[in-house]
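Enquirer: Turn this into a model:
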Amino acid sequence: MKILVTGGAGCIGGNFIYYMLDKYEDYRIVCLDALTYAGNLKSLDSAIKNQNFKFVKGSITDKKLVNNLFENEKFDIVVNFAAESHVDRSIENPFIFLETNVMGTACLLDASKKYGVKRFHQVSTDEVYGDLPLDRPDLFFTEDLPLTASSPYSASKASADLLTLAFHRTYGLPVTISRCSNNYGPYQFPEKLIPLMILRAQDNQSLPVYGQGLNVRDWLYVEDHCKAIDLIIHKGSVGEVYNVGGHNERQNIDVVKTILAKLSKPETLITYVKDRAGHDLRYAIDPSKITSELGWSPDTRFDDGMEKTIAWYLENTLWMDEIKSGEYAEYSKKIYG
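Expert: All right, here's what the predicted structure looks like:
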């Protein structure tokens with residue numbers, strides 16, 4: 001079995017590569033990644049030493065490169081993690097999100113159709129559903145809800161989802177889609193809430209919290225997400241969408257306070273800043289479909305996952321230092337001061 005993993009130098013893709021190499025000794029994994037600001041090849045240091053792994057630098061928007069890769073490698077499965085994924089950046093510059101998330105996905109879908117891929121899996125997000133009210137904890141995202149994206153990022157992911165399903169209906173391409181809640185864990189780029197707060201708290205910098213920090217997110221430990229995708233690509237029904245959530249709803253401010261407590265840092269580091277434009281109120285996933293059909297459920301409690309995540313960042317300071325000294329340093333200074 002040969003699998004193409006796009007965006008594998010990012011957090012979820014990288015963790016998925018390690019998970020698959022560890023579980024399937026006879027699988028070949030090829031990673032295609034453009035190594036943009038959030039892609040870190042050091043995240044794949046151990047994978048590169050594995051004879052069943054190959055790294056290719058390139059963009060999913062490069063049609064010639066993609067077609068040559070598909071022709072030469074003859075992939076059985078494609079798992080598309082490659083995406084611009086930070087909402088704040090999509091508000092600043094939506095066009096790069098359309099290029100990568102929509103046109104890049106179209107390029108992969110076209111190559112998958114042309115070269116007879118047996119399963120194309122699109123990794124998506126719960127943000128395509130829009131948001132839920134804070135005063136209705138009984139409401140959850142289900143797979144049959146309409147797509148009502150709020151940001152340029154989520155609109156680009158919703159577009160990619162629709163395009164993926166269109167390739168299934170129009171061309172018969174065997175596809176599946178997973179829509180996950182907020183991931184956290186090793187190798188996550190520190191523009192995301194949890195690593196951002198860990199990084200800044202360790203340096204005794206102010207912790208910027210949008211509004212009053214009352215927005216709610218459903219947190220999913222990245223290894224649990226990897227297990228879900230593994231199940232979907234092997235046992236999921238073609239043409240279906242599966243929601244993947246952690247049953248770990250938390251207000252943003254509570255997540256920040258949890259990090260401060262675990263690092264023995266004072267809450268006086270918290271600084272409330274102007275709210276994000278169009279900030280979604282609450283995300284909450286109903287994963288009953290993947291549970292009933294494929295037997296998946298999250299194994300990691302939020303507190304346990306946070307312990308492991310914080311420990312990883314504290315033990316991998318060189319990985320963090322490289323990020324702090326690169327392009328992200330300028331972006332961070334611009335956004336957070």
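Enquirer: Give me the neighbour count for the residue nearest to residue 235 when sequence neighbours are not counted.
Expert: Distances taken as C-beta to C-beta, 6 or more residues apart in numbering put residue 294 closest to residue 235, at 5.5 Å, once the chain neighbours are dropped. All C-beta atoms are positioned from the backbone trio N, CA, C, and that covers glycine. A count of nearby residues for residue 294, using other C-beta atoms under 10 Å, gives 17.
Enquirer: Also residue 252?
Expert: Using other C-beta under 10 Å, residue 252 is surrounded by 20 other residues.
Enquirer: In contact with it, which residues?
Expert: Residues in contact with residue 252, defined by C-beta atoms under 8 Å, 6 or more residues apart in numbering, are 193, 209, 210, 213, 214, 215, 216, 217.
Enquirer: Helices of the stretch 201-337 of the chain, residue ranges please.
Expert: Assigned by DSSP state H, counting those that start in this stretch, the stretch 201-337 of the chain shows helices spanning 222-235, 252-262, 288-294, 302-315, 317-324, 327-336.
Enquirer: Show me which positions of the first one end up buried.
Expert: Buried residues in helix 222-235, counting neighbours by 16 or more other C-beta atoms under 10 Å, are found at 222, 223, 224, 225, 226, 227, 228, 229, 230, 231, 232, 233.
Enquirer: Tell me the one among these nearest to residue 302.
Expert: Within those, the smallest distance to residue 302 is 11.1 Å, found for residue 224 (C-beta to C-beta).
Enquirer: what separates residue 54 from residue 150, distance-wise?
Expert: 38 Å (C-beta to C-beta, to the nearest Å).
Enquirer: Equivalent analysis for residue 120, please.
Expert: Residue 120 is 26 Å from residue 150, where distance means C-beta to C-beta.
Enquirer: who's more crowded, these two?
Expert: Counted by other C-beta under 10 Å, residue 120 and residue 150 do not tie: residue 120 has more neighbours, with 27 against 18.
Enquirer: Show residues contacting the helix or strand containing the more buried one.
Expert: Assigned by DSSP states H and E, residue 120 belongs to strand 119-125. Residues outside strand 119-125 that contact it (C-beta under 8 Å, 6+ apart) are 12, 76-81, 83, 85, 105, 108-109, 112, 154, 157, 160-161, 164, 167, 173-180, 229, 232-233, 238.
Enquirer: Just the buried residues of those residues.
Expert: For these, buried by 16+ other C-beta under 10 Å: 12, 76-81, 83, 85, 105, 108-109, 112, 154, 157, 160-161, 164, 167, 173-180, 229, 232-233.
Enquirer: for residue 109, helix, strand, or coil?
Expert: The three-state label given to residue 109 by DSSP: H, G, I helix; E, B strand; the rest coil is helix.
Enquirer: Grab the longest helix from the chain for me.
Expert: Longest helix of the chain, by residue count under DSSP state H: helix 152-171.
Enquirer: other SSEs contacting it?
Expert: For helix 152-171, the elements it packs on are helix 87-92, helix 94-97, helix 105-114, strand 119-125, strand 175-180, judged by 3 or more C-beta pairs under 8 Å, 6 or more residues apart in numbering; DSSP states H and E.
Enquirer: Turn these into TSV, columns for distance to residue 4.
Expert: TSV is the format used below for these (distance: least, C-beta to C-beta, whole Å):
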stretch	distance to residue 4
helix 87-92	25
helix 94-97	22
helix 105-114	8
strand 119-125	10
strand 175-180	14
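Enquirer: Out of these, which gets nearest to residue 29?
Expert: Residue 29 lies closest to strand 119-125 among those, at 13.8 Å (C-beta to C-beta).
Enquirer: how far out from the middle of the chain is that closest one?
Expert: Distance, stretch centre to chain centre, for strand 119-125: 11 Å (C-alpha atoms, centre = their mean, to the nearest Å).
Enquirer: what's the answer for stretch 57-73, then?
Expert: Offset of stretch 57-73 from its chain centre (C-alpha atoms, centre = their mean): 22 Å.
Enquirer: Would you mark the buried spots in it?
Expert: 58, 59, 60, 61, 63, 65, 66, 69, 70, 73.
Enquirer: Would you mind pulling the contact partners of stretch 33-44?
Expert: 6-11, 13-14, 17, 31, 53, 55-60, 82, 84-86, 187, 189, 191, 319, 322-323, 326-328, 331.
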